[in-house]
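Undergrad: Below: sequence and its predicted model.
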Amino acid sequence: MNTLYFGDNLDILQKHVPDESVDLIYLDPPFNSNRDHNVLFKEQSGHESPAQMKAFGDTWNWAGAMEAWEHFPELCPNAKAIELMHGFHSAIGENDVMAYLVMMAPRLYHLHRVLKPTGSLYLHCDSTASHYLKLILDCIFGAKNFRNEIIWERTSSHNDSKKWMRVHDILFYYSKSSLLTWNPIYLAHNSEYVNSFYRYEDERGRYRLDHIIRSASMGHRPNLTYEYKNYTPEWGWRTVREKLEKLDTDNRIAWSKTGRPYLKRYLSEQAGNAIKSVITDIPPIGALAAERLGYPTQKPLALLERIINASSNPGDLVLDPFCGCGTAIVAAQDLKRAWIGIDITPIATTLVQQRLKSTHGAIDIRLKSKDDPIDRSVFAVVGLPTDIAGARLLYEKDSSHKDFEMWAVGLVPAIPQEKKGADSGIDGIAYFHDNPKKPSKAVIQIKGGHATVAQIRDLRGVMVREKAQLGFFITLEPPTQPMKNEVTSAGYYQPPSGVGRRVECVQIRTIEELLEGKKFDFPLYESNISFKEAARLQKENTQHELEL
């Protein structure tokens, strides 16, 4: 069954993905330990939100990687990789880059383990760490299984001062063995070529003229020299009479004014240009693109579709261990492949669920038995709560309750806010349309423990401070009567445009209500614009640098 996992992909690969079970792996891991890499939200103003999800913020640095380094031979039991990593450690020292490699190598080891002998892996990266990753891949996959380095020109310009403009990403393409799955992909001829060579047209379409008579360089062939319609070529025909007659009957021969015959070759019958290792025909996702979700490292759907079509077949299993906003699994779903997606941030996992519902109408369910038949209209979610009991477990998992809060914010959905220092009273912000001049705002507060009326009063104060039109309060426990009374005293909000319904200024929803589908009230239905809804499928992309 198609499955979306929340959690550390190393742990999930070890526990949930069997040996040699996956046909194709695509991964686009984060590069920078000084930025929050998995979900980089932007506020409606266009500025980066203070909610930078620290998905790997504590592990993609040396302090966070020291324990993994101590146990590296256990995490990555590949002798060549172990020797290589000790060489890296001696050469580059203990820093962000080394931490990144320590965390990546075990994951690449297990990705190799889960690949079928016919499987392939595509690792998407940039020049920051590509040279290190290439050596690790050579150790784990074997240099002989390196198939190609693919260059994707992701933009035509970049503001890099005093150096060459960096406009491309790199994809390393490896296979598990020589038995790899490969489907040739052909692209349409460019218009200049078509206009230059396919200058003729009939009821079948555009065509060009090709030689049907043997050339002198091919030599004289007596058995192919014969008269046809009063024409006998000096060096003979290029085909036997029966085939020539069939071509003529099918109106595939054109006679020039000089009486020389030519073969019609139709554009529609040509395979096109085979895909190359330099991709220039797939642009980055533009600001107004229908598929754009506002996720800075979001890759074009066309890029993932090309990879999946080339290296897998319908029914095969595609794995993305850093699925982010879910482009690879959306492409896999569209191309009738089974899929596994993994992400370490609950908000990203929640957004992938919503994207699948928007693009394919897919329905998420609780994980069923492995013996259940595959239904591609549904997918399982593992690691995130699906009921109130699961929500309590997530809340109790760690004392900071960060994962619980991010997950609960995703139920709205809204943009999580990182708290710095004292509790600012804001766990999330939702933007909504009801004002033609600028988006309106709802601030969100989440409580997993005992909730009190004082917290509702605090939320009202936060609304004033943040100039928010609405306040949403999410709680694990049912609200008390004093809390309900405080909501009533807060009054109602009426859209300034006069269009839309009035709604309570302060609203309370329990986790159980949100899980059952009860939403917060906005003045206009479907007016939540915190995240762009993915367009239903018909048939600025930047990674950041590591410090060295």
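TA: Okay, I see it.
Undergrad: Check the spatially most central residue of the chain and give its pLDDT.
TA: Nearest to the mean C-alpha position of the chain, counting by C-alpha atoms, centre = their mean, stands T327 at 2.6 Å. Here, the pLDDT recorded for T327 equals 91.
Undergrad: close enough to count as contact, it and K299?
TA: Yes - counting by C-beta atoms under 8 Å, T327 touches K299, with 5.2 Å between them. The C-beta positions use only the backbone N, C-alpha and C, and glycine is treated the same way.
Undergrad: shared neighbours of these two, anything?
TA: Common contacts of T327 and K299 (C-beta atoms under 8 Å, 6 or more residues apart in numbering): none found.
Undergrad: Tell me where the stretch 351-500 of the chain has strands.
TA: Shown for the stretch 351-500 of the chain, the strands assigned by DSSP state E, counting those that start in this stretch span residues 363-365, 378-382, 415-416, 428-432, 440-447, 470-475, 492-493.
Undergrad: S178 in helix, strand or coil?
TA: Using DSSP: H, G, I helix; E, B strand; the rest coil, the structure places S178 in coil.
Undergrad: So what's the residue count around it?
TA: Neighbour count for S178, taken as other C-beta atoms under 10 Å: 9.
Undergrad: show me the contacts for it.
TA: Counting by C-beta under 8 Å, 6+ apart, S178 has contacts N145.
Undergrad: Need the nearest residue in space to G326, chain neighbours excluded.
TA: Leaving aside its chain neighbours, G326 sits nearest to V352 (3.7 Å; criterion: C-beta to C-beta, 6 or more residues apart in numbering).
Undergrad: these two touch, right, the one you found and N2?
TA: No - if you go by C-beta under 8 Å, V352 and N2 don't touch, sitting 11.2 Å apart.
Undergrad: Give the residues shared as contacts by these two.
TA: Both V352 and N2 are contacted by I329, under the criterion C-beta under 8 Å, 6+ apart.
Undergrad: Compare the two and say which is more crowded by neighbours.
TA: V352 (26 against 23).
Undergrad: Name all residues that make contact with the more buried one.
TA: L4, C323, C325, G326, I329, G341, D343.
Undergrad: And it, how far from W407?
TA: Look at V352 and W407: by C-beta to C-beta, to the nearest Å, they are 13 Å apart.
Undergrad: Same question for N313.
TA: Taking C-beta to C-beta as the measure, N313 falls 35 Å from W407.
Undergrad: care to break the chain down by domain?
TA: Per automatic domain parsing, the domain ranges recorded for the chain read 3-185+275-382, 187-269, 391-515.
Undergrad: G119 against Y173, yeah?
TA: No - taking contacts as C-beta under 8 Å, G119 lies outside contact range of Y173: 11.8 Å.
Undergrad: Counting neighbours, go ahead and name the busier of those two.
TA: G119 (28 against 20).
Undergrad: For the more buried one, give me phi and psi.
TA: Main-chain torsions, G119, degrees, to the nearest 10: phi -90, psi 170.
Undergrad: and Y207, what helix or strand is that in?
TA: Using DSSP states H and E, Y207 maps to strand 205-211.
Undergrad: And the contacts of the host helix or strand of R509?
TA: Taking DSSP H and E as the criterion, R509 maps to strand 506-510. With contacts defined as C-beta under 8 Å, 6+ apart, strand 506-510 is touched by 456, 459-460, 463, 470-479, 483-484, 486-487, 490, 518-521.
Undergrad: of those residues, buried ones?
TA: Among those, those classed as buried by neighbour count (16 or more other C-beta atoms under 10 Å) are 456, 459-460, 463, 470-476, 479, 483, 486-487, 490, 520.
Undergrad: check contacts around R460.
TA: Counted by C-beta under 8 Å, 6+ apart, R460 has contacts G471, E486, A490, C505, V506.
Undergrad: one step back: which of the contacts of V352 fall within helices?
TA: Counted as lying in helices by DSSP state H, out of the contacts of V352, are I329.
Undergrad: Just name the closest of the contacts of V352 to I388, please.
TA: Closest approach to I388 among these (C-beta to C-beta): L4, at 20.5 Å.
Undergrad: Distance-wise, check the closest one relative to G383.
TA: From L4 over to G383 (counting by C-beta to C-beta), the distance is 9 Å.
Undergrad: Tell me if I'm right that F197 and Y207 touch.
TA: No - the criterion here is C-beta under 8 Å, and F197 misses it with Y207 at 9.6 Å.
Undergrad: what about those two, which has more around it?
TA: The neighbour comparison of F197 against Y207 (other C-beta under 10 Å) goes to Y207, with 23 against 15.
Undergrad: so what's the more buried one up against?
TA: Contacts for Y207 (C-beta under 8 Å, 6+ apart) come out as Y198, Y200, E201, K264, R265, Y266, L267.
Undergrad: Looking at this structure, which helix is longest?
TA: helix 96-114.
Undergrad: Centre of the chain to that one, how far?
TA: Using C-alpha atoms, centre = their mean, to the nearest Å, the distance from the centre of helix 96-114 to the centre of the chain it belongs to is 20 Å.
Undergrad: do stretch 98-116 as well
TA: 19 Å.
Undergrad: Need the mean per-residue confidence for that stretch.
TA: Stretch 98-116 comes out at a mean pLDDT of 96.
Undergrad: got the CA coordinates for that stretch in PDB?
TA: Presented in PDB, the C-alpha positions along stretch 98-116 are these (Å, rounded to 0.1, in the frame of the first residue of the first chain):
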ATOM      1  CA  MET A  98      31.700  16.100   8.000                       C
ATOM      2  CA  ALA A  99      28.500  16.000  10.100                       C
ATOM      3  CA  TYR A 100      26.500  16.000   6.900                       C
ATOM      4  CA  LEU A 101      28.500  13.100   5.500                       C
ATOM      5  CA  VAL A 102      28.300  11.100   8.800                       C
ATOM      6  CA  MET A 103      24.500  11.400   8.700                       C
ATOM      7  CA  MET A 104      24.100  10.700   4.900                       C
ATOM      8  CA  ALA A 105      26.400   7.600   4.600                       C
ATOM      9  CA  PRO A 106      24.300   5.300   6.700                       C
ATOM     10  CA  ARG A 107      21.100   6.400   4.900                       C
ATOM     11  CA  LEU A 108      22.800   5.700   1.500                       C
ATOM     12  CA  TYR A 109      23.800   2.300   2.900                       C
ATOM     13  CA  HIS A 110      20.300   1.400   3.700                       C
ATOM     14  CA  LEU A 111      18.900   2.800   0.500                       C
ATOM     15  CA  HIS A 112      21.200   0.500  -1.400                       C
ATOM     16  CA  ARG A 113      20.000  -2.400   0.800                       C
ATOM     17  CA  VAL A 114      16.300  -1.900   0.000                       C
ATOM     18  CA  LEU A 115      16.900  -1.500  -3.800                       C
ATOM     19  CA  LYS A 116      16.000  -4.500  -6.000                       C
END
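Undergrad: Adding mean pLDDT and distance to E149, write the strands of the stretch 351-500 of the chain out as JSON lines.
TA: Below are the strands of the stretch 351-500 of the chain laid out as JSON lines (pLDDT from 0 to 100; distance: least, C-beta to C-beta, whole Å):
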{"stretch": "strand 363-365", "mean pLDDT": "69", "distance to E149": "37"}
{"stretch": "strand 378-382", "mean pLDDT": "85", "distance to E149": "33"}
{"stretch": "strand 415-416", "mean pLDDT": "84", "distance to E149": "37"}
{"stretch": "strand 428-432", "mean pLDDT": "91", "distance to E149": "41"}
{"stretch": "strand 440-447", "mean pLDDT": "94", "distance to E149": "45"}
{"stretch": "strand 470-475", "mean pLDDT": "97", "distance to E149": "47"}
{"stretch": "strand 492-493", "mean pLDDT": "96", "distance to E149": "55"}
